[in-house]
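S.K.: following is a predicted model, sequence given first.
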Amino acid sequence: MARVQAADYHDIAKPGDVRLSPDGEQVAFVRKVPDDEESYESTVYLAPSDGSEEPRQFTVSEGTDSQPRWSPDGSRIAFVSNRGKDDDRPQLWLIPVGGGEARQVTEVPAGVQDISWSPDGSRIAFTQSTTPDEREEGLDVDISDEDEYEREEPDPRVIDRTVYRSGENYFDGARSHVYVAHIGDGLPSSEDVEVERLTGGEIDHEAPEWGDETTLYYAANDVGEDPDDSVRYSIYAYDTETDETEAVHESSGWGAGLAANETGEVAFLYSEEEQSSIQPTELKVLDVQTSEVSWVTEAIDRGLGYEATPQWTPEGDRVVFSTPDEGKTSVWIAPGDASELPSRVVRPGAVSAGHVGEERFAFAMSEWNHPGDVFTCTREQASESGLDGSVGVEREECVRISELNAAYLDDVEPQEPEELHFESAQGDVHGWTITPEGFDEDGEYPLAVEVHGGPHAMWTTAGTMWHEFQTLAARGYVVFWSNPRGSTGYGKQFMQAIERNWGDVTLTDVMAGVDLLTDREYVDEDDVHLTGGSFGGYMTSWAVGQSEFFTSAVSQRGVYDLTGFYGSTDGAYKLVEGDFDATPWEDTGFLWEQSPTGHAHKVETPTLVIHSDDDYRTPVCTAELWYRMLRKQGTDTRFVRYPREGHELSRSGEPGHIVDRIERIVRWFDGYSEQQDAAIALEREPNEGLSAGEDEDAENET
């Protein structure tokens, strides 16, 4: 068997955006696989929901397809694609399920997002971010008469907003608005489709969801003197017959995540406004007719996961949602009026996307022995209500619809994780470890420790880190990862335990797991290496500033200076106000003491710093400060910067960059490990021994 390598990323396909057909007989999903060093092939596949046949490719391999959505009668699928384009403006397309070519039905300037069919199948709502000039000139609904339309980049860029960029882009005056494409009941071309904008003003809108045929709900970030500085949002109902809009509710949270049914109930996400970043995300349901609100998740000590969106069952009386849950993902079902406790439908593994039908639930899932496939289970197998240890459908009862990586997995053998439950000075901690390929209990191995981001996130045995963990194990490392305090999936108190103390509280839990493993005879306690990204980058740099325990470290896209982060990040500056209950002007000294840069003068551990040039979540300025301080101390260090990448480098960056990043982590660890026969990275040519990154234009290494 071949061993897992970083370059294998080019061969690994992953599923996403799973959708059941209205009759429940078929599943549509997106298959995404690297196409070359810089791009992906992303296409829509169809498969019988009972697993009786292999999935078949449904859309052509041209461009990037996403968001497949069945029409209410099941005869058409709408999807978003940039096929035939030289830009990143995806348009709305329709394709007949019975066979035939797909047809583009919009030509808009900013690209289509968040599509939603009307119940009668004649309209599709969506959002896009457009500028005042585009809206005034009517270009926001049609640019087909413009020759290669491009927005002019501001020069200079004049900024009047508190939050003026996010992801990898500046807003440059654009606001997200709700649009409707009137497509009728056939397969029209873009010339025959009228696109109508429903919202206006200098505010952002999101999450359009149809209730009945004449009611479209959406959310707007329009609360407070400065909506950028508020986590409150309004929910609106738009009547398509009268063209009237009504504000039906106001809530708070990190995103609306709306879902509506035909009887006038709207499910939405809620977090307490005070210190919102450290509050769990709850699910509530508004009865628009009575204005009564039901708290669906009140009885379970679990918050919804990042970017989770609830769904109504086809009958419209029950709502389905997912939560992190002790290292797995639980899918729950509950009546919208909260008259019964939620019941677990399934808790199988790392569920990343799902959709509920009348009889089945379909979802994408990664497990320790595969990086991702599509599964279904029946709703009849739901467990009894409550957190009583029952888990709904057992993994063995799920039907596996796809085996996207069967050929690859025939050639490699992933290592099975050992589940760990251990005690720190603060209480119970949950984690996992895998041993190297060809493991010998009488041997001695280095330990690689991984810390997750968030900080309010949760790791499983698989998910987005499957490939990285398995690559480190194949290289000869025992790998350890865990969910220390601050993680989601273990209750509100566990999540809030790191309030005003990210570093020491988290490190106490992580080190308890490290101690457990270094007590094992096959782990070399003098050969322990540390890495993590985002909050994990914060923790990596915090740990090496507190002790000389680790042999080497790789800090990725981290938060190094909390004051600098507060001033340069997007809306994530709320983490400083929420998690630390502090602001730079009131708590200058405290924030410096809680920042890794406040302890950089003590760092002796060789530390590689990895960052993305266009990361506006954890901007590169604090990484520059951290790196320079390490250099000034004479610490072994190197700064690797990836152009064209943002905060999602490790999950969805250019394939060549993802491979290069993992290889650099392994090479850095190898150079300082007594168990590896490798020279220190600083003593080698910058790209020596790497399969990616040979083109000097692909990276800027300082």
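M.R.: Nice, thanks for sending it over.
S.K.: and residue 578, what element?
M.R.: Residue 578 belongs to helix 574-579 when assigned by DSSP states H and E.
S.K.: so what touches that helix?
M.R.: Here helix 574-579 makes contact (CB atoms under 8 Å, 6 or more residues apart in numbering) with 231, 275-279, 455, 498-500, 502, 562, 565-566, 582-584, 591. Glycine gets a C-beta too; all of them are placed from N, C-alpha and C.
S.K.: out of those residues, which are buried?
M.R.: Buried members of the contacts of helix 574-579, scored by 16 or more other CB atoms under 10 Å, are 231, 275-279, 455, 498, 502, 562, 565-566, 582, 584, 591.
S.K.: which parts of the longest strand along the chain are buried?
M.R.: Secondary structure assigned by DSSP state E gives strand 523-533 as the longest strand of the chain. By neighbour count, with 16+ other CB under 10 Å as the criterion, the buried positions of strand 523-533 are 523-524, 527-533.
S.K.: and for the closest residue to residue 623 other than its chain neighbours, the neighbour number?
M.R.: Distance criterion CB to CB, 6 or more residues apart in numbering; nearest residue to residue 623, sequence neighbours excluded, is residue 611 at 4.2 Å. Residue 611 has 28 neighbouring residues, counting by other CB atoms under 10 Å.
S.K.: next secondary structure element downstream of the helix or strand encompassing residue 611?
M.R.: Using DSSP H and E, residue 611 falls within strand 607-612. Counting by DSSP H and E, the next helix or strand C-terminal to strand 607-612 is helix 620-633.
S.K.: pull that following helix out as PDB, backbone CA atoms only.
M.R.: Only the C-alpha atoms of helix 620-633 are listed here, as PDB (Å, rounded to 0.1, in the frame of the first residue of the first chain):
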ATOM      1  CA  VAL A 620      -1.300  39.600   7.800                       C
ATOM      2  CA  CYS A 621      -0.200  42.700   9.700                       C
ATOM      3  CA  THR A 622      -0.100  40.900  13.100                       C
ATOM      4  CA  ALA A 623       1.700  38.000  11.500                       C
ATOM      5  CA  GLU A 624       4.300  40.500  10.200                       C
ATOM      6  CA  LEU A 625       4.700  41.800  13.700                       C
ATOM      7  CA  TRP A 626       5.100  38.300  15.200                       C
ATOM      8  CA  TYR A 627       7.600  37.200  12.600                       C
ATOM      9  CA  ARG A 628       9.700  40.300  13.000                       C
ATOM     10  CA  MET A 629       9.800  40.000  16.800                       C
ATOM     11  CA  LEU A 630      11.000  36.400  16.400                       C
ATOM     12  CA  ARG A 631      13.700  37.500  14.000                       C
ATOM     13  CA  LYS A 632      14.800  40.200  16.500                       C
ATOM     14  CA  GLN A 633      15.100  37.500  19.200                       C
END
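S.K.: out of the contacts of helix 574-579, which are inside helices?
M.R.: 502, 562, 565-566, 591 (DSSP state H).
S.K.: most remote residue from this protein's center?
M.R.: residue 442 (39.8 Å; CA atoms, centre = their mean).
S.K.: so that residue, which of the three states?
M.R.: coil (DSSP: H, G, I helix; E, B strand; the rest coil).
S.K.: quick check: closest non-adjacent residue to it.
M.R.: Nearest to residue 442 is residue 522, by CB to CB, 6+ apart, at 7.4 Å.
S.K.: that neighbour against residue 445, yeah?
M.R.: Yes: taking CB atoms under 8 Å as the definition, residue 522 is a contact partner of residue 445 at 5.8 Å.
S.K.: list phi and psi for the residue farthest from the centre of the chain.
M.R.: phi -90, psi 0 (degrees, to the nearest 10).
S.K.: what of residue 647?
M.R.: phi -70, psi -20.
S.K.: what's around it, how many residues?
M.R.: With other CB under 10 Å as criterion, residue 647 counts 26.
S.K.: what does residue 6 give?
M.R.: 25.
S.K.: now name the helix or strand holding the spatially closest residue to residue 331 that is not a sequence neighbour.
M.R.: Sequence neighbours aside, residue 345 is the residue nearest to residue 331 in space, at 4.5 Å (criterion: CB to CB, 6+ apart). According to DSSP H and E, residue 345 maps onto strand 343-346.
S.K.: that strand packs against which elements?
M.R.: strand 328-335, strand 360-367 (3 or more CB pairs under 8 Å, 6 or more residues apart in numbering; DSSP states H and E).
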